[in-house]
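In: Provided below are the primary sequence and the corresponding predicted coordinates.
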Amino acid sequence: AMLLALGRQNKMQGIADQIKYTLRDESSHIQFGTYVINQIIEQNPKIWTKAFQQEVTEHIQKAVQLEIAYAKDVLPRGILGLNADMFVDYMHYIGNRRLEGVGLEYRFESDKNPFPWLDEMLNGVEHANFFENRATEYSKAATRGTWDEAFD
C-alpha cells in the first residue's frame with residue numbers, strides 16, 4: 001500500500017507498477033489456494049474438525065498480528081496519508097476475507113477497508129501489458145562512468 005500510494009502521486013511509478021503486477025499474481029494464488037482448500041474440505045469433510053478449524057484460525061490471527069506489528073514499526077508517525085491504525089483496519093479486513101474464504105466463523109474487530117483505492121488499482125482494467133512496457137522514464141545517467149567507479 002505504501003509503494004502504491006507513491007504511484008498514486010506519480011512518484012516511483014515503475015516500482016508501483018511492479019508491485020501491482022506482483023499483487024495481482026499473489027491474488028490469483030490466494031484464489032487458487034482457497035479453492036483447493038475448499039475442495040479438499042468438501043471431498044474429505046472428516047478432516048475439517050473443530051480442532052483443525054481452530055488451528056487454521058490461529059494461524060490467520062498470528063499472520064494478522066505480524067502484519068500489524070510490521071505496520072507499526074514502519075509507520076510510527078505515518079507517511080503519504082497512511083498510518084499504522086489504517087493498517088490495523090486493513091489487516092483485520094483482509095484477515096476476515098481469508099477466514100470467510102474457507103468458511104471459518106472467527107471475525108476480527110474491524111471490517112472496514114481504509115484503502116478502497118487499493119482494490120481499484122488491483123482489480124481495475126489494465127491498459128498496459130507488463131511485457132510490452134518500456135522503462136523510458138529513467139535516465140541513462142546512472143549507467144555512465146566506469147565499472148571501478150561503481151565500487152568507490
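Out: The structure has been received and is ready for your questions. Please read all numbers here as calculations on a predicted model, not as lab measurements.
In: rest of the way, CA atoms for contacts and neighbours
Out: Will do.
In: the helices in the protein, which residues?
Out: Secondary structure of the chain (DSSP state H): helices at 2-8, 13-43, 50-74, 84-101, 116-123.
In: Out of those helices, which one sits most buried?
Out: helix 84-101 (a mean of 20; mean count of other C-alpha atoms under 10 Å).
In: Pull the contacting residues for residue 2.
Out: Shown in contact with residue 2 (C-alpha atoms under 8 Å, 6 or more residues apart in numbering): 80, 82.
In: For stretch 101-119, give me every contacting residue.
Out: Counting by C-alpha under 8 Å, 6+ apart, 1, 4, 34, 37-38, 53, 57, 86-87, 89-90, 92-93, 95-96, 99 sit against stretch 101-119.
In: Please state the offset of the helix-or-strand element of the chain with minimal mean pLDDT from the chain centre?
Out: When each helix and strand of the chain is scored by mean pLDDT, DSSP states H and E, helix 116-123 comes last, with a mean of 81. Distance, stretch centre to chain centre, for helix 116-123: 11 Å (C-alpha atoms, centre = their mean, to the nearest Å).
In: excluding its backbone neighbours, what's nearest residue 47?
Out: residue 41 (7.0 Å; C-alpha to C-alpha, 6 or more residues apart in numbering).
In: now the one you found: how far from residue 102?
Out: 9 Å (C-alpha to C-alpha, to the nearest Å).
In: on that earlier part again, direction-wise, compare the least confident helix or strand of the chain with helix 84-101 and give the angle.
Out: Angle, helix 116-123 to helix 84-101, by axes from the mean of the first three to the mean of the last three C-alpha atoms, to 10 degrees: 50 degrees.
In: Just flag the most distant two among the contacts of stretch 101-119.
Out: 4 and 53 (33.9 Å; C-alpha to C-alpha).
In: contacting residues around the residue most central in space within the chain?
Out: For the chain, residue 23 is the residue whose C-alpha lies nearest the centre (C-alpha atoms, centre = their mean; 5.9 Å). Residues in contact with residue 23 (C-alpha under 8 Å, 6+ apart) are residue 122.
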